[in-house]
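> Compute the structure for the input listed below.
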Amino acid sequence: MSYRQTSPSPVQTFFNKLLVETIETIVIGKPRIFPVEKAGVLKARVQKLLGFDKIIGLASKAIDVMTDQDHIFCGVKVLSDIRPVFQNSPDSISAAMVVHNMRVGYHQDGKHTEFSVAMNPEDIRKTIEVLERAEKKSKALKSFIQKSGIAYFEDME
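Okay, the predicted model is just below:
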């Protein structure tokens, strides 16, 4: 019978060292606030924490995959203005229009950066349509992932 032996992860190694050092401190120092008899309880709790190592590792990897991009979105804001239109005389407004300025914030090379785009109401409508389509795609892809039996990252808690 063959099997693959795996070495402990950095998290497991850390907790094992922490556990050994803590138990040695309890046995040698015999503190009044932590009786030696409780060392077994501490060991069991640390071992339970080690069970979370797989989830922590998976979450860490998922964050790496998600953020392995040149531009990482971090926020959006829309400022709306009424803009006057002057035809012949600067003393009289001939017309007005609504202009929306969408400011998109993102991170690039660890620095926060922004850009702004002027939009009219039709641009806003097109943007909403595209985002609604993306939302529908997300739901379909999530359903596909769940049906495949693979854990969907956002569902893991």
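
> drop to CA atoms for contacts and neighbour counts, all remaining ones
Fine.

> low-scoring pLDDT stretches of the chain, where are they?
1-12, 15, 26-27, 29-32, 34-36, 50-55, 155-157 (pLDDT under 70).

> in it, which residue is closest to the centre?
Ile63 (6.2 Å; Cα atoms, centre = their mean).

> Where do the domain boundaries of this protein fall?
Following automatic domain parsing, one finds the domains of the chain at 10-66, 69-119, 128-157.

> Show me which residues of the shortest one are buried.
For domain 128-157, the neighbour count (16 or more other Cα atoms under 10 Å) marks Lys142 as buried.

> For the remainder of this discussion, apply numbering that starts at 24.
Will do, 24 is the new start, and the previous item becomes domain 151-180.

> sorry, back to before: what about the residue nearest to the centre of the chain, which SS state?
helix (DSSP: H, G, I helix; E, B strand; the rest coil).

> which residues sit in contact with it?
By Cα atoms under 8 Å, 6 or more residues apart in numbering, the contact set of Ile86 is empty.

> One more pass at 10 Å, please.
Going by Cα atoms under 10 Å, 6 or more residues apart in numbering, Ile86 touches 80, 176.

> Ala67 versus that one, what's the distance?
Spatial separation of Ile86 from Ala67 under the definition Cα to Cα, to the nearest Å is 29 Å.

> same thing with Lys84?
Lys84 is 27 Å from Ala67, by Cα to Cα.

> mind checking how far the spatially closest residue to Ala85 that is not a sequence neighbour is from Ala67?
Spatial nearest neighbour of Ala85, excluding adjacent residues (Cα to Cα, 6 or more residues apart in numbering): Phe176 at 7.5 Å. Distance, Phe176 to Ala67, by Cα to Cα: 28 Å.

> show me where the chain has helices.
In the chain, the helices defined using DSSP state H lie at 33-52, 62-73, 76-89, 144-171.

> Verify the contact between Glu137 and Ile95 for me.
No - using Cα atoms under 10 Å, Glu137 is not in contact with Ile95, being 11.2 Å away.

> still on that earlier bit, tell me which of the helices of the chain sits nearest to Asp132.
Among those, the nearest to Asp132 by Cα to Cα is helix 76-89 (14.2 Å).
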